[in-house]
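Asker: What would the 3D arrangement of this be:
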Amino acid sequence: MNREASAVPPEAVPVARATGRPAAPAGRLLLLGLLAALLLLGWGLPRWLNFLLTLALAKGLVVLGLVLLMRAGLVSFGQGLFFAAAAYAAAFAIKLWGVREAFLLLPLGMAAAAALAVLTGLLAARYRAIFFAMLTLAFSMVLYGLLIKAYPLTGGSDGLRVAVPTVLGYAPDPQRARVLVYYLAVGAVAAAVSLVRRQAGSCFGYLTQAIRDNEVRVEYLGVPVRRAVLAVYLEGAVLAGAGGVLAALAVGHVDPNLAYWTTSGEFVFIALLGGAEGVLAPLAGAVLYEVVKAYAFKYTPYAWQMVMGLVMLPIILFLPSGLWAPLERRWLRVRE
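Answerer: Numbers count the residues shown, from 1 in each chain. Next up is the predicted model:
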């Protein structure tokens, strides 16, 4: 067998080991333990921390989809497009049709993001590297401009209010609604992590890594690369849509800044912070980002961006694979 063709990229080894079948029981126990901890924390958390974790989990879903693209060798600076589209879809459903059921708003927002991904993905799947990144950014800024200009429908820069949702017909007070949205976010994250973890160890998961490593060779094998890229793009959009709906329900408001380039850049920031190794990395990065951002804004409200930059600089210099990579490797060594 050709040694070069059979070699596995070093950076892919932790992912392959962490998601392969032999590691499944230990990995599943870790995921179940974290899920149980999140569920137990729900009612006992202070209001501010409950809100922060809900927002972090919502953004973690977006970053999880972004990491899927990164494993295929693509970086999107336009995930805010799907994040905002789904959030506004939920806000319109409440405002125009009176739909307040959270279990209806969530799939509605995901469907809106998926439809938008199909339209934009047919073009985006043709491009790679910086061209793909800039094209996705352009799509996001187009939506931002439309949301700003369509004032009678979207409220312009003021945005729209999102009413307190109902859950399976139950209409809670605002405080209980926050807790229920938190549990909805935990459930959505658990489902997404389970599916992405299974995909990472599947043929399609290894195909996306092969596209990243040598797209030409994959095409020579007869694999439709554009179709695979479109599938990953669509999956990332659906995850971003789920995050957008959860963020809208948690905050109670949507505005055009959800589609602005800084929001998409924030998702890339979190992806670099947590790393792309392991399905838990985006979630850990999102929680850490929200905590650091909250305290930075509290103590340095006029220089919190500088604080975030100072946090990011040593990670780029000394931990280019993100904060989760050393933990992942240590976990593998302990198990071995």
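Asker: and residue 55, what does it touch?
Answerer: Residues near residue 55 by Cβ atoms under 8 Å, 6 or more residues apart in numbering: 247, 250-251, 290. C-beta coordinates here come from the backbone N, C-alpha and C atoms, glycine included.
Asker: pLDDT value on it, please?
Answerer: For residue 55, the pLDDT comes out at 92.
Asker: In which helix or strand does it reside?
Answerer: Using DSSP states H and E, residue 55 sits in helix 47-71.
Asker: What's the first helix or strand after that helix?
Answerer: Note on helix 47-71: by DSSP H and E, the next helix or strand toward the C-terminus is helix 80-97.
Asker: List the buried residues in that next one.
Answerer: Within helix 80-97, the residues scored as buried using 16 or more other Cβ atoms under 10 Å are 80-95.
Asker: quick revisit: which parts of the helix holding residue 55 are buried?
Answerer: Using 16+ other Cβ under 10 Å as the test for burial, helix 47-71 gives 50-71.
Asker: quick revisit: can you flag the buried ones in the contacts of residue 55?
Answerer: Among the contacts of residue 55, those scoring as buried are 247, 250-251, 290 (criterion: 16+ other Cβ under 10 Å).
Asker: Which helix or which strand is home to the closest residue to residue 174 other than its chain neighbours?
Answerer: Once flanking residues are discounted, residue 174 sits nearest to residue 164: 5.5 Å by Cβ to Cβ, 6 or more residues apart in numbering. Assigned by DSSP H and E, residue 164 belongs to neither a helix nor a strand.
Asker: In contact with residue 164: list those residues for me.
Answerer: With Cβ under 8 Å, 6+ apart, residue 164 has these contacts: 100, 171-174, 177, 252.
Asker: Could you tell me the backbone phi and psi angles at it?
Answerer: Main-chain torsions, residue 164, degrees, to the nearest 10: phi -60, psi 130.
Asker: From residue 94, how far out is it?
Answerer: 10 Å (Cβ to Cβ, to the nearest Å).
Asker: How about residue 162?
Answerer: 6 Å.
Asker: Same question for residue 149.
Answerer: 22 Å.
Asker: Kind regards, and thank you for your time.
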